[in-house]
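Engineer: let's see this in three dimensions:
(one chain, ligands or ions: 2)
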Amino acid sequence: MNNVLGLRCIHCGKELEAAPGLYTCPMCGTRDGILDVMYDYLNIKKNTPRRQVVHSQDYSIFRYLPFLPVEPSTPRPHLRVGWTPLYRPPALTRNLGMPHLYIKDDGQNPTASLKDRASVIAVIKAVEENMTTIACSSTGNAASSLAGNAAAMGLRTFIFVPGRAPQGKVAQLLIFGANVISVQGSYNDAFRLSAEAIERWGWYNRNAAINPYLVEGKKTVALEIAEQMDWEVPDWVVVSVGDGCTIAGVWKGFQDLYQVGWIDKLPKLLGVQSSGCSPLVDAFLENRAWRPAEENTIADSIAVGVPRNPEKALRAVRDSGGTMVAVSDADILDAMRLLGRTSGIFGEPAGVAGLAGLKYMVGNGVIRADEKVVVIVTGNGLKDVQNAIAAAGEPIKVEPSLDNLIEELKRRGLA
Ligand SMILES: *Cc1c(COP(=O)(O)O)cnc(C)c1O
Ligand SMILES: [Zn+2]
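Structural biologist: Ligands and ions are numbered 1, 2, ... in the order given. This next block holds a predicted model:
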């Protein structure tokens, strides 16, 4: 038995019994009626001492099984999802003058992004509901993670991506054997078409903010951060924001731990978008309802003009006492270089947007340099080589002769 009590609509508060095929609140509809999974915290408290988790030999998100909405007996993919490293890179902390800065490198998941945490839950739920085909639309990483986890689980996938998705992510989809539908339009167009197709063919739905279980996977990044910091919660957790599910998941994870008494404070959240597509940052800073925005940024994973989970994301940031900020694409490329050169960690543009946002907020004094901060790097840079080269420049071209090499290195002052 799992510890799920039921589902609660975040819009109207109605409580529903978890059931196959139930995704969103029937009263509020698919746009607003996002459901939150409720747990029996008393039962977790009674039956799962914290030390049991600390001593677990399961170095994946499933070390937190009592906090997950899956049956312990359901088969799981063999891929290792989660338990990604939390680093304190010395050269980066020196460069920024932030001695208590940590990087959670979620690019080290099986398909190289944080989305694996959600997709692994999706394929398990699909099997629990006896489904054999699973579908989603995605800016890229939800797609490649679903394709990889479904391949590991033996499920068929239909994946809808916008035409602009970077080649590395599309290559992943094809290698994992997904049926890839490249929609010549925006992410919103891809989302709409996938919803119609899912309805038409009755596939299992892994769409963000529709399927209530995905965020339960994403929250494990917060559970890991807490455990890896020996349950000393940081002052801030920084994460980039597209649909808003990731930041909502981070908040849910810390809430869970607080509810069972494993931590005694909650972090503030800093949500970061690109100024080329910042509907949620604008809504937050102007304290108004969000409005659709253009998708005009190199950070393709957070180029979400019509976010699917705005209410939950904005509420998470507000409830945490945190804030939001938009950074330029130039700042994002700077952050990519900075992270690479000072830490050996290679993030994709959306993966390093959080670091760019943090730098800005320390610069303007909202976050103090001596605070304890965790930045989540949400995706690996090899997924999008084109932007990396734009950030880092070209190699030194030489003829195959030592003389030419000496000349070129001299010219650059390197030897
Ligand atoms: C999906 C994604 C995000 C943002 O997550 P949302 O749930 O869409 O807010 C950030 N970074 C990367 C690399 C992603 O793939
Ligand atoms: Zn409702």
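Engineer: next, count neighbours for the closest residue to ligand 2 within the stretch 251-400 of the chain.
Structural biologist: Closest contact between the stretch 251-400 of the chain and ligand 2, by Cβ to the ion, is at residue 311 (11.2 Å). For the C-beta atoms, the positions are set from N, CA and C on the backbone; glycine is no exception. Here the number of neighbours of residue 311 (other Cβ atoms under 10 Å) works out to 18.
Engineer: need phi/psi at it.
Structural biologist: Dihedral angles of residue 311 (phi, psi; degrees, to the nearest 10) stand at phi -60, psi -50.
Engineer: and the nearest residue to it once chain neighbours are set aside, backbone torsions?
Structural biologist: Take residue 311 and drop its neighbours on the chain: the residue closest to it by Cβ to Cβ, 6 or more residues apart in numbering is residue 10, 6.2 Å away. Note on residue 10: its backbone torsions stand at phi -70, psi -10 [degrees, to the nearest 10].
Engineer: go on, residue 325?
Structural biologist: phi -150, psi 150.
Engineer: was I right about it contacting residue 355?
Structural biologist: No. Applying Cβ atoms under 8 Å as the test, residue 325 and residue 355 come out as separate, 11.9 Å apart.
Engineer: between these two, which one's more packed in?
Structural biologist: Per other Cβ under 10 Å, whichever of residue 325 and residue 355 has more neighbours is residue 355, with 30 against 23.
Engineer: average pLDDT for the helix or strand harbouring the more buried one, rounded please.
Structural biologist: Assigned by DSSP states H and E, residue 355 belongs to helix 349-363. When pLDDT is averaged over helix 349-363, the result is 98.
Engineer: packing partners for that helix?
Structural biologist: helix 90-96, strand 236-240, strand 268-274, strand 323-327, helix 329-343, strand 373-377 (3 or more Cβ pairs under 8 Å, 6 or more residues apart in numbering; DSSP states H and E).
Engineer: nearest to residue 168, out of the ones you listed?
Structural biologist: With respect to residue 168, and counting by Cβ to Cβ, the nearest of the helices and strands packed on helix 349-363 is helix 329-343 at 14.7 Å.
Engineer: does the closest one come close to ligand 1?
Structural biologist: No. In terms of Cβ under 6 Å from any ligand atom, no part of helix 329-343 sits within range of ligand 1; the closest distance is 11.3 Å.
Engineer: can I get that helix as CSV, trimmed to CA atoms?
Structural biologist: The C-alpha coordinates for helix 329-343 follow below in CSV (Å, rounded to 0.1, in the frame of the first residue of the first chain):
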residue,chain,number,x,y,z
ASP,A,329,19.9,35.3,-22.9
ALA,A,330,23.3,37.0,-22.7
ASP,A,331,23.3,36.5,-19.0
ILE,A,332,22.3,32.8,-19.5
LEU,A,333,25.3,32.3,-21.9
ASP,A,334,27.6,34.0,-19.4
ALA,A,335,26.3,31.7,-16.6
MET,A,336,26.9,28.6,-18.9
ARG,A,337,30.5,29.7,-19.4
LEU,A,338,31.0,30.5,-15.7
LEU,A,339,29.6,27.2,-14.5
GLY,A,340,31.6,25.2,-17.0
ARG,A,341,34.9,27.0,-16.4
THR,A,342,34.7,27.1,-12.6
SER,A,343,33.1,23.7,-11.9
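Engineer: report the distance from that helix to the chain centre.
Structural biologist: 19 Å (Cα atoms, centre = their mean, to the nearest Å).
Engineer: list the buried residues in that helix.
Structural biologist: Within helix 329-343, the residues scored as buried using 16 or more other Cβ atoms under 10 Å are 329, 331-336, 338-340, 342-343.
Engineer: specify which member of these is nearest to residue 264.
Structural biologist: Using Cβ to Cβ, the buried residues of helix 329-343 come closest to residue 264 at residue 343, 30.2 Å.
Engineer: surely that closest one touches residue 88?
Structural biologist: No. Residue 343 is beyond contact range of residue 88, at 9.6 Å (criterion: Cβ under 8 Å).
Engineer: quick check: neighbours shared by those two?
Structural biologist: Taking Cβ atoms under 8 Å, 6 or more residues apart in numbering as the contact rule, residue 343 and residue 88 both touch residue 103.
Engineer: pLDDT score assigned to residue 162?
Structural biologist: In this prediction, residue 162 has a pLDDT value of 88.
Engineer: tell me if I'm right that it and residue 183 touch.
Structural biologist: Yes. The pair residue 162 and residue 183 qualifies as a contact (Cβ under 8 Å) at a distance of 5.8 Å.
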